[in-house]
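In: turn this into a structure:
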Amino acid sequence: MEVTVITQAPVTVLAIQGSVDGLTAESLTQALAAQLDGGHSQLVADLSGVSYISSAGLRSLLITLKSARAKNGDFRLAAVQPSVLNVLSMAGFTKLIKVFDSTTLAVESFST
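Out: Just a heads-up that it's a prediction; the model follows:
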């Protein structure tokens, strides 16, 4: 799994590539937490490169959502692959986290 950070002030986009599972979820949690700790509380995860997410990956997303909101920010998902969106829906995450068709829409949603 690879995470690329793209700053589109005041929003930070993290483009994630690869599977988010028990082997990689902790790295993702740390990458997201590093942004929050650096004062970036408006985060978007671009999941266009993620074809699989496990319960460990879901946990990472939930931890990030709670941390961002605790810092008066928010965490949003963008460009989610259908298979991953299905997992998010079944787990009830689509009721907790806002999901957008594109990164551009997710970033713009912070200014509305």
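
In: next one: the worst-scoring helix or strand of the chain on mean pLDDT to chain centre, how far?
Out: One helix or strand of the chain scores below all others by mean pLDDT, DSSP states H and E: strand 2-8, with a mean of 94. Strand 2-8 sits 11 Å away from the centroid of its parent chain (C-alpha atoms, centre = their mean, to the nearest Å).

In: could you point out which element follows it?
Out: strand 11-17 (DSSP states H and E).

In: what is the mean pLDDT for that next one?
Out: Averaged over strand 11-17, pLDDT sits at 98.

In: buried sites along the helix or strand following that strand?
Out: Downstream of strand 11-17, the first helix or strand assigned by DSSP H and E is helix 25-37. For helix 25-37, a neighbour-count test (16 or more other C-beta atoms under 10 Å) marks 25, 28-29, 31-32, 35-36 as buried. The way it works is simple: take the backbone N, C-alpha and C, and place the C-beta from them, glycine included.

In: what does stretch 92-103 give?
Out: Going by 16+ other C-beta under 10 Å, stretch 92-103 has these buried residues: 93, 97, 99-100, 103.

In: how about the residues you listed in CSV, adding secondary structure and pLDDT?
Out: Formatted as CSV, those follow (DSSP: H, G, I helix; E, B strand; the rest coil; pLDDT from 0 to 100):
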residue, secondary structure, pLDDT
F93, helix, 96
I97, coil, 97
V99, strand, 98
F100, strand, 98
T103, helix, 97
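
In: export the residues you listed to CSV and tack on distance to L47?
Out: Output for these, formatted as CSV (distance: C-beta to C-beta, whole Å):
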residue, distance to L47
F93, 12
I97, 11
V99, 9
F100, 10
T103, 10
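
In: the residue most central in space within the chain sits in which helix or strand?
Out: The residue lying closest to the centre of the chain (C-alpha atoms, centre = their mean) is A45, at 3.2 Å. Element membership of A45 [criterion: DSSP H and E] is strand 42-49.

In: tally of neighbours for S48?
Out: Neighbour count of S48, defined by other C-beta atoms under 10 Å: 16.
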